[in-house]
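A.B. asks: no FASTA, just this:
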């Protein structure tokens, strides 16, 4: 199940951008963060895919959603210019951002290549 993050929950589960200048992942398993808005058509295409993938990969990774309309500060910290923007966060290493509505096979490929999750 996907989980919606606020700036506060983001700081405890993903990255405390107020306390750290350099990337320091706070989570226990890799995660994917979907920066979206309710009015965005492509975001509505991605949402059911992410729900499906969250069930398929349950226990292996976390899938979070950030509403860019409600969490403007968080969106600006990551320089979100277009939505959907998908942030792939490995357990170790730097996160990678993808723009636009990705097809399911692109998500599963990124899970394997970026997050090391099969």
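C.D. replies: That came in fine, so what should we check first? Remember, predicted model here, so these are calculated numbers, not experimental data.

A.B. asks: which residues of this protein score low on pLDDT?
C.D. replies: Scanning the chain for pLDDT under 70 picks out nothing.

A.B. asks: how about the helices in it?
C.D. replies: 7-13, 41-56, 72-77, 104-113 (DSSP state H).

A.B. asks: need those in TSV with distance to residue 93, can you?
C.D. replies: Glycine gets a C-beta too; all of them are placed from N, C-alpha and C. Listed next are the helices of the chain as TSV, based on distance: least, CB to CB, whole Å:
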stretch	distance to residue 93
helix 7-13	18
helix 41-56	21
helix 72-77	19
helix 104-113	12
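
A.B. asks: in CSV: those, plus mean neighbour count.
C.D. replies: As requested, the helices of the chain are exported to CSV (neighbours: other CB atoms under 10 Å):
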stretch, mean neighbour count
helix 7-13, 15
helix 41-56, 15
helix 72-77, 15
helix 104-113, 15
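
A.B. asks: of these, which is nearest residue 83?
C.D. replies: Among those, the nearest to residue 83 by CB to CB is helix 41-56 (5.8 Å).

A.B. asks: tilt between that closest one and helix 104-113?
C.D. replies: For helix 41-56 against helix 104-113, the angle by axes from the mean of the first three to the mean of the last three CA atoms, to 10 degrees is 50 degrees.
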